[in-house]
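> Generate a structure from the sequence data that follows.
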Amino acid sequence: MAVLTTGDLVIPTQILDPWIKSVANGSVVSTLSPNLPMKFGKGEAFTFGTDEAEYVGEGQNKGDSEFTSSVQTVEPFKFHKTVRMTDEVVWADEDHQLGVIQQILAEIQPALSRALDYGVIHGVNPKTGAVVAAMARKLADADSVELDEAEEPFLAIDRADAAVLAAGGLPSDLAIDPTFAVKFATLRDKDGRKLYPDVSYTTAASTLENHRSSVSKTVSGAGVVAEPSGILAIDGDFSAIRWGVQKSIGLKLIEYGDPDGNGDLQRNNQVAFRAEVVYGWGIADLDVFNLIKAADAEGN
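Predicted structure coming up:
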């Protein structure tokens with residue numbers, strides 16, 4: 001009978017690749033914004049723009065072209081998830097080790113996926129809900145419009161669209177809290193047909209009011225963010241966000257000590273598995289986002 005030993009486990013490629021794809025499918029940020037390959041550490045991305053092409057008549061001189069540039073800083077942020085299990089886990093037969101790894105990843109992956117949203121949107125530590133000083137630039141700091149409970153919900157989207165357009169952005173995407181999504185999902189015409197049949201309650205991309213949309217409780221951060229945000233939706237151009245996995249995801253078996261403050265492993269006949277991921281992300285322009293908040297939310 002084979003026993004897993006202390007150290008880093010090698011996760012087979014056929015497990016690691018879907019795991020990373022699950023990270024990409026487990027948050028609204030990753031659903032709506034591009035995932036870029038990244039090296040570990042702080043980095044910078046440059047974006048360039050130019051004016052329109054110039055018509056040149058026969059025998060006429062050509063003029064110059066203007067361009068603009070901006071720098072987008074990408075910062076690394078590390079998250080971990082530690083799962084304790086009984087000793088019986090390490091007594092699994094070698095033929096079943098792959099199944100053990102799958103079960104552990106199934107426990108860890110959702111939390112690390114949501115961590116990307118909690119960082120980019122709220123700038124908080126998901127474990128405590130407290131603000132992380134290093135996450136100084138976050139979507140929660142964007143301008144906002146209010147949703148009056150007495151009005152049709154699409155009117156708030158119209159106002160948010162107008163604000164994004166006025167700032168020079170394109171309001172193409174919506175990150176939505178479930179409490180806002182339900183306002184659309186339950187609307188029906190006089191014949192009982194859904195007015196918004198494409199609305200989904202998952203992070204998988206769907207469509208709402210001609211926006212590409214993604215739904216998750218991470219948008220409001222309810223139950224996690226220490227200070228309630230009141231955010232019902234985030235409207236804007238999510239291509240202004242760049243994110244990536246900077247460091248390969250590792251899975252470590254810990255057999256000794258107290259790795260998470262819950263008591264000595266040997267004393268409790270337990271082992272711990274820990275996975276860590278280093279995300280890098282940056283927000284180029286907060287002006288191309290607008291928040292939709294409840295009218296009674298703090299800060300409105």
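> Can you list the helices and strands that the helix or strand encompassing residue 103 packs against?
With the criterion set as DSSP states H and E, the secondary-structure element containing residue 103 is helix 97-117. Applying 3 or more CB pairs under 8 Å, 6 or more residues apart in numbering; DSSP states H and E, we find helix 97-117 packed against helix 13-25, helix 28-32, strand 67-86, strand 241-254, strand 270-283. C-beta: built from backbone N, CA, C; applies to glycine.
> Return the set of buried residues in that helix.
Of the residues in helix 97-117, those buried under the neighbour-count criterion (16 or more other CB atoms under 10 Å) are 100-101, 104-105, 108-109, 111-117.
> That one relative to strand 270-283, how many degrees between them?
Inter-element angle recorded for helix 97-117 and strand 270-283: 40 degrees (by axes from the mean of the first three to the mean of the last three CA atoms, to 10 degrees).
> tell me the average confidence for whichever helix or strand comes after helix 97-117?
As assigned by DSSP H and E, the chain's next helix or strand after helix 97-117 is strand 144-147. In this model, strand 144-147 has an average pLDDT of 94.
> Next: stretch 261-269.
In this model, stretch 261-269 has a mean pLDDT of 83.
> Residue ranges in the protein under the pLDDT threshold?
Low-confidence regions of the chain, defined by pLDDT under 70, span residues 1-25, 36-74, 88-101, 248-249, 297-300.
> Try it again at 80.
Low-confidence segments of the chain, defined by pLDDT under 80, span residues 1-26, 34-75, 83-107, 246-251, 253, 260, 296-300.
> and the buried residues of helix 97-117 as a markdown table, adding distance to residue 273?
Written out in a markdown table, the entries for these read as follows (distance: CB to CB, whole Å):
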| residue | distance to residue 273 |
| --- | --- |
| 100 | 9 |
| 101 | 9 |
| 104 | 5 |
| 105 | 9 |
| 108 | 7 |
| 109 | 12 |
| 111 | 13 |
| 112 | 13 |
| 113 | 17 |
| 114 | 18 |
| 115 | 17 |
| 116 | 21 |
| 117 | 23 |
